[in-house]
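Trainee: sharing a sequence plus its predicted fold:
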Amino acid sequence: MKAFTTKLLPALAASAVIGGMIIYDAAAADLDKLVEDCAHCHGKDGASTDSKVPIIGGISEQYIIDSMAIYKDRDRPCIEAEYLDGPDKGNKTDMCKIVDELSEGDIEALASFYAGKTFVRAKQEFDPAKAAAGQKLHDNNCEKCHADGGSSPEDDAGVLAGQWMPYLEQTFESYASGERIMPKKMKPKMEKLSDEDKENLIHYYGSLQ
Ligand code: HEC
Ligand code: HEC
């Protein structure tokens, strides 16, 4: 036993230190590399310019960590996406495959990185009459958890104000079909909305630019 400890412990300690250093260096270099990969779809600093890809810069750290866990558990659909740029341009993947490749440390570093950026609202066309109707619906049903017109990241419920309308439309559909699990208290509010209500809400969020 003594021989075992004296022989093995120093070796273990040394490799742990070296391992620790390697891990540390890799994590620092990796964040840049990881962000570069995300940027090929989500744009620079998460300010997506593609209407099917959500803007993720300026969303709360907790929401990003939660979303990644939801993808990992397959509690929301992973919609097939094409790399819009970079060496993989044109190749198909999805958020589930992407999340499966990330460690917990990667996810935390990415979430902190994107939470520190600014949410750059999408420039998009909307119908002012629908947006006005949507604002009323929002104030009565959604404002409690999506404060300031859905612009506050502090609710840890994403940012709706200025998000891409086609992404929001897809999101409403996946909540309605049950493919994306809804927070318990949001469900009754969402379920009483007509298709027209949903459209009005989407125009309201799109109108915030
Ligand atoms: C090939 C394109 C692509 C790449 C690469 C990519 N994403 Fe995504 N991401 C998407 C699309 C499309 C969606 C929305 C559809 C869905 O939910 O499947 C999305 C959704 C998300 C969401 C949910 C946003 C919300 O409002 O709920 C987060 C968070 C996210 N991505 C983070 C990342 C991070 C971090 C990386 C890099 C590690 C990354 N994505 C890489 C295409 C991509
Ligand atoms: C009781 C609190 C609560 C209420 C009320 C609520 N939400 Fe939510 N909402 C949340 C939380 C928490 C999340 C994040 C969880 C998730 O990812 O599904 C969320 C997520 C969302 C998302 C997805 C955002 C994204 O980036 O993918 C949309 C869209 C949304 N809510 C719309 C609405 C609308 C519209 C209403 C009003 C009709 C509403 N919510 C009412 C708590 C609420």
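Mentor: Received, thanks. Ligands and ions are numbered 1, 2, ... in the order given.
Trainee: helix or strand for Lys198, which one?
Mentor: According to DSSP states H and E, Lys198 maps onto helix 195-207.
Trainee: who does that helix touch, helix- and strand-wise?
Mentor: The contact analysis (3 or more Cβ pairs under 8 Å, 6 or more residues apart in numbering; DSSP states H and E) places helix 195-207 against helix 128-141, helix 147-150, helix 165-176. Placement of C-beta: from N, CA and C, glycine included.
Trainee: which residues sit in contact with the spatially most central residue of the chain?
Mentor: What sits nearest the mean C-alpha location of the chain, by Cα atoms, centre = their mean, is Ile64, with 4.8 Å. Applying Cβ atoms under 8 Å, 6 or more residues apart in numbering to Ile64 gives the contacts 56, 107, 110-111, 114-115.
Trainee: turn the helices and strands packed on helix 195-207 into JSON lines, columns for distance to Ala81 and mean neighbour count.
Mentor: Putting the helices and strands packed on helix 195-207 into JSON lines (distance: least, Cβ to Cβ, whole Å; neighbours: other Cβ atoms under 10 Å) gives the following:
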{"stretch": "helix 128-141", "distance to Ala81": "27", "mean neighbour count": "16"}
{"stretch": "helix 147-150", "distance to Ala81": "23", "mean neighbour count": "18"}
{"stretch": "helix 165-176", "distance to Ala81": "11", "mean neighbour count": "17"}
